[in-house]
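Q: Here is my input, please return the structure:
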Amino acid sequence: MSAPSNHMMTPRYLFTKLMSVTQGLSGWQLWFGMVALSIAMSELISAAMSWLLLGHVTVDYLITGLVASMLVASVVVAVILYLSDQINTAARRLQIALEGSRISVWEADLRTNEIWIDASWAAFLGVAPAETRVTAADLLKLVHPDDLQDAAAAAVRVREGDVTNYAAEHRVRAANGEWKWILSRGRVIERDAAGWPLRVSGTSTDITERKLAEQRVRKAMEAAESANRSKDEFLATVSHELRTPLHVIIGFTEFAQRTPGLPAEASKYLDRVRNSARILRMHVDELLDISRLDYSKLALAAVPFDLESCVREAIEMHGAKAEAKGLELGLRYANGAPRALVGDAQRLRQVLSNLVDNAIRFTDAGHVLVEVSGDASGPRHAAFLIAVEDTGTGVPEKQRAYIFEKFAQADGSLSRKHTGLGVGLTLSRQIVELMGGRLELEKSSANGSRFAITLTMPLDPRPENKVFGETAP
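A: Numbering: from 1, shown residues only. Alright, predicted model coming up:
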């Protein structure tokens, strides 16, 4: 065997390359590398000397081979040490991240029931650092009695192969003796040939602060709901107490109007008293109905009624108020619009009265017009539309989004100029929706507004009733 003739393989060249590689290593890396190399080189030199004495290689070729071997070994050791350093750095970063986020790592061996837990989890549970291998029974002893059944059931589902992922929230007794909420998540990472789980790896997170925050929010919501119920109960009580004297006022006013020889002017005054009392009763009823709607206790009647009469009665309630403001209050009942229907005439009259009252309150000049149109949507039902149009101030664009909200007014200044409870539109929309219809603000501008009710009701099947109107008053 002869030495290679290529000058690139001379001892001087290889030694220079070796020095250039080792200069890039830190002190401790070089030291560990040299220790590893010295062990390997001692074996290599021993073998090489044997070859030399036996005459298998020349001295020059032997030195060249030894230097080449050292160069390759140095590169290998350097790569190993570099990768080891990178792994250690990543591990440190991961540990810092886990500690900062209160996440601990564990791994369960289902064959031995042993669970390895990291140092942070051991410290959290009060387990000695040297005892980071515990049994499932040891951990279950730390679980809160109220959560023990659910925690055990989640573990059993994983053990029996029902699920691949494991997740459970429960309380455990921490090292300081306090009960802490934790969220444990895991995943099966090894199975046997039959598919049964062998190892599960996962994390445990301290979620005590989140749970306490949820409890505070839940208590605040319960307190708010309790306060809301108290308010509604108060409104219902006040409404009932006010309705009795109002009924007396309306009844005796109507009785007084029937007095023989009553002067026309006095009858007119009594009529205004009666209408004002009715409007006040309507507002009291609104408060009562709002509380009923909140408890889903508002029921609808289903009795035959005449739609045109219902609409006219709602309008006539506000005739005196419109006259006092110099407004024209009219009704346009279209040909073909339904009349004899089955439904809750009182609630429909209440909704329409709210809309007419609002239109008059927010209109200083011009008119308030109620329009009714529609036709039969089938052999047994009729669809119709009731629109209330005015020439008032309109609803400001920025307020239109919440005019149907409870106790909302179109504008703060308007609420002082135009009185009202701020529940009329809310209640009206809820009643219409309860009837299966819609109440919408069709248009609004500085020249007035138009609200529209769209409903479908059963026709009155009795043949003696007039089903559709023939004139347009």
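
Q: for the longest helix along the chain, packing partners?
A: In the chain, assigned by DSSP state H, the helix with the most residues is helix 208-257. Applying 3 or more C-beta pairs under 8 Å, 6 or more residues apart in numbering; DSSP states H and E, one finds that helix 208-257 contacts strand 179-191, helix 264-294. Where C-beta positions appear, they are placed from N, C-alpha and C, glycine not excepted.

Q: can you put the ones you listed in TSV and add mean pLDDT, distance to residue 139 and mean neighbour count?
A: Listed next are the helices and strands packed on helix 208-257 as TSV, based on pLDDT from 0 to 100; distance: least, C-beta to C-beta, whole Å; neighbours: other C-beta atoms under 10 Å:
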stretch	mean pLDDT	distance to residue 139	mean neighbour count
strand 179-191	90	10	18
helix 264-294	77	47	17
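
Q: okay if I get these as a markdown table plus distance to residue 341?
A: Converted to a markdown table, these look like this (distance: least, C-beta to C-beta, whole Å):
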| stretch | distance to residue 341 |
| --- | --- |
| strand 179-191 | 58 |
| helix 264-294 | 21 |
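
Q: Out of these, flag the one nearest residue 433.
A: helix 264-294 (10.1 Å; C-beta to C-beta).

Q: counting contacts, what elements does the closest one pack onto?
A: Secondary elements touching helix 264-294 (3+ C-beta pairs under 8 Å, 6+ apart): helix 208-257, helix 319-324, helix 345-361, helix 424-434.

Q: ok, and which of those helices has the densest surroundings?
A: helix 345-361 (a mean of 22; mean count of other C-beta atoms under 10 Å).

Q: hmm, who's touching whichever helix or strand comes after that one?
A: Following helix 345-361 in sequence order, the next helix or strand is strand 367-376 (DSSP states H and E). Here strand 367-376 makes contact (C-beta atoms under 8 Å, 6 or more residues apart in numbering) with 307-308, 311, 315, 322, 327-334, 336-338, 352, 356, 359-360, 382-391, 459, 468.

Q: Which residues in whichever helix or strand comes after strand 367-376 does the neighbour count mark as buried?
A: The helix or strand immediately downstream of strand 367-376 is strand 381-390, counting by DSSP H and E. Across strand 381-390, burial judged by 16 or more other C-beta atoms under 10 Å covers 382, 383, 384, 385, 386, 387, 388, 389, 390.

Q: Who is the last one paired with across the strands?
A: With beta bridges defined as DSSP bridges, residue 390 has these partners: residue 368.

Q: List just the nearest of the buried residues of strand 381-390 to residue 140.
A: The closest of those, once distances to residue 140 are taken by C-beta to C-beta, is residue 383, at 65.2 Å.

Q: I'd guessed that closest one sits against residue 455; true?
A: Yes. With contact defined as C-beta atoms under 8 Å, residue 383 counts as touching residue 455 (7.3 Å).

Q: Save the buried residues of strand 381-390 as a markdown table, and put in distance to residue 137 and pLDDT too.
A: Listed next are these as a markdown table, based on distance: C-beta to C-beta, whole Å; pLDDT from 0 to 100:
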| residue | distance to residue 137 | pLDDT |
| --- | --- | --- |
| 382 | 73 | 91 |
| 383 | 70 | 92 |
| 384 | 73 | 94 |
| 385 | 73 | 95 |
| 386 | 73 | 95 |
| 387 | 75 | 95 |
| 388 | 74 | 95 |
| 389 | 78 | 94 |
| 390 | 78 | 93 |
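
Q: Among those residues, which one sits closest to residue 191?
A: residue 383 (63.8 Å).

Q: related to what we said a few turns ago, name the nearest of the buried residues of strand 381-390 relative to residue 113.
A: residue 383 (70.5 Å).

Q: Report the backbone C-alpha coordinates of stretch 249-269 in CSV.
A: The C-alpha trace of stretch 249-269 is given here as CSV (Å, rounded to 0.1, in the frame of the first residue of the first chain):
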residue,chain,number,x,y,z
ILE,A,249,-112.3,57.8,37.3
ILE,A,250,-113.2,56.4,33.9
GLY,A,251,-116.4,54.7,35.2
PHE,A,252,-117.7,57.8,37.0
THR,A,253,-116.8,60.1,34.1
GLU,A,254,-118.9,58.0,31.7
PHE,A,255,-121.7,57.8,34.3
ALA,A,256,-121.6,61.6,34.6
GLN,A,257,-121.8,62.0,30.8
ARG,A,258,-125.1,60.2,30.9
THR,A,259,-126.6,62.8,33.2
PRO,A,260,-129.8,64.3,31.7
GLY,A,261,-129.5,67.9,30.6
LEU,A,262,-125.7,68.0,30.9
PRO,A,263,-124.4,71.1,29.1
ALA,A,264,-122.4,70.4,25.9
GLU,A,265,-119.3,72.1,27.2
ALA,A,266,-119.4,70.1,30.4
SER,A,267,-119.8,66.9,28.4
LYS,A,268,-116.8,68.0,26.3
TYR,A,269,-114.7,68.5,29.5
